[in-house]
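Peer 1: Based on what follows, work out the 3D shape:
(one chain, ligands or ions: 3)
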Amino acid sequence: MLDLRFSDAELEQRREHITEFISERVDAAGADGAVLGLSGGIDSTLTGYLTVEALGPENVHGLVLPAHVSSEGNMSDAERVAQELDITYDVIEIEPIVDQLLSAYPEAEGDREAVGNARARVRAVLNYLVANHESRLVVGTGNRSEAAVGYFTKYGDGAVDCHPIGNLYKGQVRQLARHVGVPEELAAKTATAELWADQTDEDELGISYETLDSILATHVDGPLSVAATARLLEVQEETVERVRSMYERSEHKRNVPPAPEPLD
Ligand SMILES: Nc1ncnc2c1ncn2[C@@H]1O[C@H](COP(=O)(O)OP(=O)(O)OC[C@H]2O[C@@H]([n+]3cccc(C(=O)O)c3)[C@H](O)[C@@H]2O)[C@@H](O)[C@H]1O
Ligand SMILES: Nc1ncnc2c1ncn2[C@@H]1O[C@H](COP(=O)(O)OP(=O)(O)OP(=O)(O)O)[C@@H](O)[C@H]1O
Ligand SMILES: [Mg+2]
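Peer 2: Ligands and ions are numbered 1, 2, ... in the order given. Got it, this is the predicted structure:
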């Protein structure tokens, strides 16, 4: 696979670039700080660290939003991150809200994907409730690997005001996290959306992040053809084609919803 790791100098450059980006977005909006969902996973943990570095702990509000399928370990890690960063945070159980949705529309009960995505959207509603009330921006935690293949819920975890780590591949997220002092147990964790029990990103995507990152950097974001990418990375052409297809099929999630062209 490709070695996509940053040098030490590049890590510092990225750290500065991202923290400046966060301050600029908040200033440009005239907002009073940021709110973000903390899941105990590496994306929100790194984003939390960088947001606090950019704005100061007094200007960051964390939300820990457990569902029935959330593991205790992840929820206690999320609280530990908020405490370590010394930010204000709330813990709000979302399952009663999801239950209300299902009692309003019982047909969706048992539909693992629909209910899982509803969990992500309930979290988005809570993020914006706090953002509206406290004049904050919702800081997103999505990285380039997830965004490129559409591995996020449209208007769920995708509903945010900016994407500070949106240009980093997943492996680079882990590397930058270690660089800014995120504890190793958190930096090394298995990625999971936790929208349903025992879900992991790599199982659901059917590809490791190491391979995905390399294919994205080489083919989707890079200049090489399917065949050249497969040769370079020593993977099947079908694997590269599958990533390409996930990228194309998820285009709608990365764009503003279209309207018909104006008539003359
Ligand atoms: N071509 C098209 N043009 C315009 N809109 C289109 C469309 N195709 C679908 N749609 C719309 O998009 C909807 C499907 O998109 P969406 O609702 O997002 O649902 P979908 O992409 O099916 O599911 C979300 C995926 O992201 C994963 N996820 C979610 C949240 C967090 C994380 C994580 O890593 O933490 C991962 C989750 O496990 C699942 O695999 C359709 O119901 C339809 O409304
Ligand atoms: N239980 C939760 N409480 C608060 N926010 C959550 C929760 N679960 C998910 N989120 C939000 O949704 C985002 C997307 O989840 P995702 O799993 O992609 O990221 P992560 O958990 O931070 O990292 P990883 O992908 O390594 O698990 C999280 O970063 C977080 O902002
Ligand atoms: Mg997660």
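Peer 1: What segments of the stretch 51-200 of the chain are helices?
Peer 2: 72-85, 95-104, 112-134, 144-149, 170-179, 184-187 (DSSP state H, counting those that start in this stretch).
Peer 1: Enumerate the residues of the stretch 1-150 of the chain near ligand 1.
Peer 2: Counting by Cβ under 6 Å from any ligand atom, the residues of the stretch 1-150 of the chain lying close to ligand 1 are 113, 117, 120, 146, 150. Using the backbone N, CA and C atoms, a C-beta is placed for each residue, glycine as well.
Peer 1: quick one: contacts for the nearest residue to the last one once chain neighbours are set aside?
Peer 2: The spatially closest residue to Gly150, leaving aside those adjacent along the chain, is Ser250, at 2.3 Å (Cβ to Cβ, 6 or more residues apart in numbering). When the contact criterion is Cβ atoms under 8 Å, 6 or more residues apart in numbering, the partners of Ser250 are 148-150.
Peer 1: For the stretch 51-200 of the chain, what lies in contact range of ligand 2?
Peer 2: Counting by Cβ under 6 Å from any ligand atom, the stretch 51-200 of the chain sits next to ligand 2 at 63-66, 70, 123, 141, 146, 157, 191-194.
Peer 1: From those residues, pick the one nearest His219.
Peer 2: Glu146 (17.1 Å; Cβ to Cβ).
Peer 1: The closest one and Val35, how far apart?
Peer 2: From Glu146 across to Val35, the span is 20 Å (Cβ to Cβ, to the nearest Å).
Peer 1: now Leu233
Peer 2: Distance of Leu233 to Val35, given as Cβ to Cβ: 39 Å.
Peer 1: So if I had to pick from those two, which one is more boxed in?
Peer 2: Using other Cβ atoms under 10 Å, the more surrounded residue of Leu233 and Val35 is Val35, with 28 against 19.
Peer 1: rewinding a little: and the residue nearest to Gly150, what pLDDT?
Peer 2: We note a pLDDT of 98 for Ser250 in this prediction.
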